[in-house]
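# Coordinates for the following, if possible.
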Amino acid sequence: GHVEPPDSHMLLYAALGAVVLFFCVTTSPQAVARLLLHLAVWLPYHCGRHVASFLAPSFFWKSVQGEVVVLTGGAGGIGKLIATKFAAAGATLVLL
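Okay, the predicted model is just below:
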């Protein structure tokens, strides 16, 4: 099969991993705990945004202009990103 070359995001994640490892080895446990807390919030959001950008075109094969979309979990994370995509495509959103 066809194998894609690493994209800039994969290289960014590898570099981020190297920086985190260096940081964990050279700083205090409290600083490491703060860093891991920030990553626990930022990383799922960023990865979700990246995944949603690949999935979004398949969501919009049918026009949603003027349609009402009911979406659960739209307050944050991947749900928020999907809600943004639907709104940009002209849908009226009901977030639960």
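
# going forward, measure contacts and count neighbours with C-alpha atoms only.
Noted.

# so after the helix or strand of the chain with the lowest mean pLDDT, what's the next helix or strand?
Across the helices and strands of the chain, mean pLDDT, DSSP states H and E gives its lowest value to helix 29-59, namely a mean of 72. Where DSSP states H and E defines the elements, the next helix or strand beyond helix 29-59 is strand 68-71.

# Flag every buried residue along the helix or strand following that following strand.
Reading on from strand 68-71 to the C-terminus, the next helix or strand found by DSSP H and E is helix 77-88. Neighbour-count burial for helix 77-88 flags Gly77, Ile78, Gly79, Lys80, Leu81, Ile82, Ala83, Lys85, Phe86, Ala87 (criterion: 16 or more other C-alpha atoms under 10 Å).

# Surely the second one is in contact with Tyr45?
Yes. With contact defined as C-alpha atoms under 8 Å, Ile78 reaches Tyr45; the gap is 6.8 Å.

# Could you dump the buried residues of helix 77-88 into TSV with distance to Lys62 and pLDDT added?
Below are those laid out as TSV (distance: C-alpha to C-alpha, whole Å; pLDDT from 0 to 100):
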residue	distance to Lys62	pLDDT
Gly77	24	82
Ile78	21	82
Gly79	19	85
Lys80	20	86
Leu81	19	84
Ile82	15	85
Ala83	16	87
Lys85	13	85
Phe86	12	87
Ala87	14	89
